Every structure is written in structure tokens, then in C-alpha cells.
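Peer 1: Got a sequence here, can you model it:
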Amino acid sequence: MTDGDRPLIEEHAISERRGFLGGKKLGSNSEGKFEKTTFLVTCDYCGRYPLDVFVMCKSCRAKLCDECAAKLEGRPYCRACLMEILPVSANTFKVLLCIDSSIRSSGKISDITRIPKDEVKASLALLRELKLIESKGMLAFLERKVTADGLRTLFAYRKVYGNDEDVRQVEEELAGEAGNGT
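Peer 2: Take a look at the predicted model:
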């Protein structure tokens, strides 16, 4: 509806604030015009909007698009909350990828990931402490395996680090290793 050439109601669509789920507000401005404001659901992490489908972080209640939601044990988390619950750095993630690909020696892991050997050993210790890997045997007979929790961690952290160039390079090298039968 219009009153001559000017609309009776001005409509605006804006991105909703963090912690709010969207909606509409009707009111009037200082000139007496009616205003209808629609608050569009927005991913609190990347800002993508409008979102028709979203999940909320189990810890902080942030709204997340599919690209930003990392799931751990079936529950969605934003990256910051995931890092608080289960602190896994990019380097530790790359080491976990190697263990999952049956790379046993810290020297070989260091070669593939380009992470210094002492940092690889620190990551291995952290992964054992978090019970994401288990080790059996000694020296040449050492066997490392990813636990069920480790597999869930790999899945969750692919959302966090999966698009990093250095992680993709490690995955390509691991695929080459698997293709060579080593």
C-alpha cells in the first residue's frame, strides 16, 4: 500500500545478533512511518545469512551453518568451544592423520608433516594422554592405533583444519604412501 508516492510501511531486513533466533518487529520511526524489520538468522561464526537451516553450539549456543558446525559425539560445537573441550592443534591433527594411515615412526611422521621430530613426540604424548591413540610394543615393534575417540576427533577436526593447505598436503602425501603400499 502507498499513500501517493510514498510507501505506508518501510521494510528492512537485517542480520540477527548473536544469541537471537530471528523474527520480526513492527514499529514507527520519528517521521511517523510504519516500519517492519525482519531479523535474519545468521551464522555467528562466518556471518553467512540468511540461514534456513542451522544448528546451535552445544556449549555457547552460537548459531552455526553446516560449514562451521563441528560435531563431536553427535553434538554440534563452534570451533572455539570444540578447542576448549578437546584441544587439538593443527600439528597434532596432522600427526593423528598419520597414525590413522598406519605411519608408525615419529621420524616418518616428521618427514610427512614437516613438523620437527620433538614436536611430533610432544603431539604423540598429548594424543596418548587424551586417549585418542594407543601404543603397544617397543621400538621396532611399536604399534600405534587411533582409538574410537580418536576417530571421532578426526571427524570433528576436519571441519576445523580440513581446508588448510598444509593439512591437504599431508593428506595427499599419505594417499601417495598408501598407493605405494608403504
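Peer 1: Which residue ranges of this protein form strands?
Peer 2: 2-3, 6-7, 9-15, 23-28, 34-40, 55-56, 63-64, 70-72, 75-77, 133-136, 143-146 (DSSP state E).
Peer 1: Which of the ones you listed sits closest to R168?
Peer 2: strand 70-72 (17.6 Å; C-beta to C-beta). Where C-beta positions appear, they are placed from N, C-alpha and C, glycine not excepted.
Peer 1: domains for the protein, by residue range?
Peer 2: Domains of the chain are assigned by automatic domain parsing as 2-78, 86-179.
Peer 1: okay, the ones you listed in CSV with mean neighbour count next?
Peer 2: Putting those into CSV (neighbours: other C-beta atoms under 10 Å) gives the following:
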stretch, mean neighbour count
domain 2-78, 14
domain 86-179, 16
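Peer 1: now those as a markdown table including mean pLDDT?
Peer 2: Formatted as a markdown table, the domains of the chain follow (pLDDT from 0 to 100):
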| stretch | mean pLDDT |
| --- | --- |
| domain 2-78 | 81 |
| domain 86-179 | 92 |
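Peer 1: want to try TSV for the strands of the chain, with distance to E119 as columns?
Peer 2: Formatted as TSV, the strands of the chain follow (distance: least, C-beta to C-beta, whole Å):
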stretch	distance to E119
strand 2-3	67
strand 6-7	63
strand 9-15	40
strand 23-28	49
strand 34-40	44
strand 55-56	34
strand 63-64	31
strand 70-72	24
strand 75-77	26
strand 133-136	16
strand 143-146	16
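Peer 1: Would you mind measuring from L21 to E177?
Peer 2: 47 Å (C-beta to C-beta, to the nearest Å).
Peer 1: do D111 as well
Peer 2: 10 Å.
Peer 1: where along this protein do the helices fall?
Peer 2: 79-85, 90-100, 106-113, 117-129, 148-161, 165-179 (DSSP state H).
Peer 1: Turn those into JSON lines, including distance to S15.
Peer 2: Listed next are the helices of the chain as JSON lines, based on distance: least, C-beta to C-beta, whole Å:
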{"stretch": "helix 79-85", "distance to S15": "20"}
{"stretch": "helix 90-100", "distance to S15": "30"}
{"stretch": "helix 106-113", "distance to S15": "39"}
{"stretch": "helix 117-129", "distance to S15": "38"}
{"stretch": "helix 148-161", "distance to S15": "22"}
{"stretch": "helix 165-179", "distance to S15": "30"}
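Peer 1: For C43, find the nearest of those.
Peer 2: helix 79-85 (11.8 Å).
Peer 1: And that closest one, what does it pack against?
Peer 2: Applying 3 or more C-beta pairs under 8 Å, 6 or more residues apart in numbering; DSSP states H and E, one finds that helix 79-85 contacts strand 70-72, helix 148-161.
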